[in-house]
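S.K.: Fold the following for me, if possible:
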Amino acid sequence: MLRKSIYSALAILIHFSLTSQQPCLTHFNCFTVIAGRNATSDGSVLFAHNEDDYGTRIVNWYRVERKIYSAGENLIINDSGAIISQADETNAYLWLDMPEMEFSDSYMNEYGVVIASDQCDSREDDPEITEGGIGYWLRRIIAERARSAKEGVKIGGELITRFGYTYSGRSYFIADPNEAWIMNVVQGKHWVAQRVPDDRVAVVPNYYTISQVNLSDTANFLGSSDLIGYATAKGWYDPGKDGEFSFREAYSAPDKLIHKSNISRRWKGINALSMYEYKREDEFPFAFLPRQKVSLKDLMNLLRDHYEGTPLDLTNGYKSGNPHFTENDPICSPTTQYGFVAQLRNYLPADLGVVLWIAPYRPCIHPFIPWYCGVEEIPQAYQKYPVAEALDHHFKPPEGLYTVDETLAYWYFHSHADGIDKEFGELSGKSRRDSEAFENKYIRKQAVFEKDVLFNDKNDPDAIRREVTGFTLQASTEALKLFK
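M.R.: Residues are numbered from 1 along each chain as shown. Take a look at the predicted model:
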């Protein structure tokens with residue numbers, strides 16, 4: 001017991017020591033790419049996301065089943081006691097839970113609706129908040145109630161309009177097997193959402209990317225009706241001087257639009273996929289045509305990126321330092337807690353056609369593991385608490401939450417990353433090769449597996465869920481053995 005306690009303390013000290021080397025640990029969290037279904041090699045909507053959060057964290061993975069509620073039941077959405085009517089029935093969903101964090105969880109529900117977010121500060125200084133506002137519960141309610149991405153945007157918009165959003169600003173990404181939307185939210189009661197065109201790709205760092213807005217085109221835009229009038233009244237937009245209204249120019253915190261971290265990460269993401277090559281000083285499009293159809297592996301590799309092969313790589317190919325700890329914040333960073341690529345296919349049943357490929361800690365050295373939408377069981381190693389206790393523990397975690405325990409997947413991969421960081425140039429190559437070999441193996445297995453499931457169980461949803469549960473358990477267990 002004493003040895004384990006000493007080991008736990010040393011592991012946390014090593015983590016703090018390594019992450020303290022990073023010079024820019026203040027403003028920039030998360031990175032997202034969306035590819036429409038006509039822009040991808042398999043006809044799926046692809047949604048890639050790195051979740052970055054500072055400090056000591058833990059990630060638990062849960063499967064939450066459908067729940068039925070009685071008439072008249074309510075849901076409390078904040079500490080002020082604001083309530084909304086509970087749904088008659090809520091969706092089942094996979095939940096990536098980060099205890100104590102209000103804006104870091106991600107969700108994939110049974111209809112293939114996937115939700116995550118990037119921090120994007122606004123310039124709002126006097127927000128309208130009603131009954132304490134809404135924050136954490138916004139994405140959770142969408143996951144519980146939406147059967148499509150667009151319905152999720154509408155649900156979120158109604159909640160923001162009613163209560164007001166509590167954080168400075170954020171970009172939410174809501175995707176399903178048919179389409180994806182980017183929703184820019186401002187503290188208070190203003191928001192706008194734009195659909196990513198089916199043939200294009202969108203890359204989003206930590207600033208708003210929606211520019212021109214046409215709310216009369218409800219197939220592609222939704223939002224607050226007074227966006228222009230409010231911005232004009234606040235002095236953020238002058239029609240006589242500024243020309244055509246741009247949401248991002250009017251509502252963004254100005255320093256975020258010009259910060260090199262946002263510009264550099266978006267520049268690298270766009271140039272990795274676009275048919276045109278952009279300079280960092282260029283104006284980037286909301287979405288662009290890819291040079292070739294985007295694949296699952298393309299986005300996995302992008303989430304691993306540290307500017308390799310560009311002038312922004314300050315490590316000379318890892319020979320003169322660790323790419324996570326330079327002044328150029330990379331896409332895969334020392335604060336990345338998990339990454340995922342959601343593969344959303346509308347030509348298969350959702351249980352089989354929607355897959356969340358999750359890198360359980362650092363994407364550059366850890367494998368993306370396939371988690372099918374229909375999975376009915378989560379291995380014990382991937383969750384610290386029983387799912388029935390998880391929501392209660394989210395904001396009031398028991399003592400010992402951050403005690404290192406390598407029987408848990410999060411700490412296993414966390415400790416492995418800390419070891420790699422000590423000699424990144426020497427040690428990272430093998431981990432990267434092993435991880436990519438794992439992914440390639442499971443991408444090949446996926447094709448054969450899905451063909452067999454469709455042949456044998458196409459009309460039996462229960463059998464499909466049993467099959468995808470077995471496949472997911474096999475992959476997630478094998479991933480834990482990779483670095484033994």
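S.K.: In a helix, Asn456, correct?
M.R.: Yes - the assignment for Asn456 by DSSP: H, G, I helix; E, B strand; the rest coil puts it in a helix.
S.K.: tell me the contacts of it?
M.R.: By Cβ atoms under 8 Å, 6 or more residues apart in numbering, Asn456 lies in contact with Ala463. (Glycine included, C-beta is placed from N, CA and C.)
S.K.: so how far is His324 from it?
M.R.: Between Asn456 and His324 the distance is 45 Å, computed by Cβ to Cβ, to the nearest Å.
S.K.: Equivalent analysis for Gln446, please.
M.R.: Using Cβ to Cβ, one gets 30 Å for the distance from Gln446 to His324.
S.K.: just Glu277 next, same as before
M.R.: Per Cβ to Cβ, Glu277 is found 26 Å from His324.
S.K.: more neighbours, the two?
M.R.: His324 (24 against 10; other Cβ atoms under 10 Å).
S.K.: Check for me that the more buried one belongs to a helix.
M.R.: Yes - assessed with three-state DSSP, His324 lies in a helix.
S.K.: So it sits against Phe424, correct?
M.R.: Yes - counting by Cβ atoms under 8 Å, His324 does reach Phe424; the two are 7.4 Å apart.
S.K.: Heading C-terminal from the least confident helix or strand in the chain by mean pLDDT, find the next helix or strand.
M.R.: Least confident helix or strand of the chain, by mean pLDDT, DSSP states H and E, is helix 2-19 with a mean of 38. Helices and strands here follow DSSP states H and E; after helix 2-19, the next one along the chain is strand 31-35.
S.K.: what sits up against that following strand?
M.R.: Residues contacting strand 31-35 (Cβ under 8 Å, 6+ apart): 45-50, 52, 116, 118, 171, 173, 175, 180, 182, 196, 200-205, 265, 269, 273, 287, 290, 294, 299, 302-303, 331.
S.K.: Centre of the chain to it, how far?
M.R.: Its chain's C-alpha centre and that of strand 31-35 lie 9 Å apart, by Cα atoms, centre = their mean, to the nearest Å.
S.K.: What's the mean pLDDT across stretch 357-371?
M.R.: In this model, stretch 357-371 carries a mean pLDDT of 98.
S.K.: for that stretch, the distance to its chain's centre please.
M.R.: That offset, for stretch 357-371, works out to 13 Å (Cα atoms, centre = their mean).
S.K.: which of the residues in that stretch are buried?
M.R.: 357-371 (16 or more other Cβ atoms under 10 Å).
S.K.: One more: stretch 227-236?
M.R.: For stretch 227-236, by 16+ other Cβ under 10 Å, it's Leu227, Ile228, Tyr230, Ala231, Thr232, Trp236.
S.K.: same check, this time on stretch 249-268
M.R.: So for stretch 249-268, counting by 16+ other Cβ under 10 Å, buried means 249-253, 256, 259, 261-268.
S.K.: Show only the entries of these found in helices.
M.R.: If you go by DSSP state H, the buried residues of stretch 249-268 have Glu249, Ala250, Tyr251, Lys256, Ser261, Asn262, Ile263, Ser264, Arg265, Arg266, Trp267, Lys268 in helices.
S.K.: Show me the two of the residues you listed that sit farthest apart.
M.R.: Greatest spatial distance among these (Cβ to Cβ): Ala250 and Lys268, at 26.5 Å.
S.K.: just the strands in the stretch 251-400 of the chain please.
M.R.: In the stretch 251-400 of the chain, the strands defined using DSSP state E, counting those that start in this stretch lie at 336-344, 354-359, 369-372.
S.K.: Compile those into JSON lines and extend it with columns for distance to Pro461.
M.R.: JSON lines is the format used below for those (distance: least, Cβ to Cβ, whole Å):
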{"stretch": "strand 336-344", "distance to Pro461": "18"}
{"stretch": "strand 354-359", "distance to Pro461": "14"}
{"stretch": "strand 369-372", "distance to Pro461": "13"}
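S.K.: any idea how far Glu450 is from Leu302?
M.R.: 24 Å.
S.K.: repeat for Glu179
M.R.: Taking Cβ to Cβ, one finds Glu179 at 21 Å from Leu302.
S.K.: swap in Lys430?
M.R.: Distance from Lys430 to Leu302, by Cβ to Cβ: 21 Å.
S.K.: Neighbour count for these two, which is higher?
M.R.: Between Lys430 and Leu302, Leu302 has the larger neighbour count (other Cβ under 10 Å), namely 23 against 12.
S.K.: so what's Ile68 up against?
M.R.: Contacts of Ile68 (Cβ under 8 Å, 6+ apart): Asp88, Glu89.
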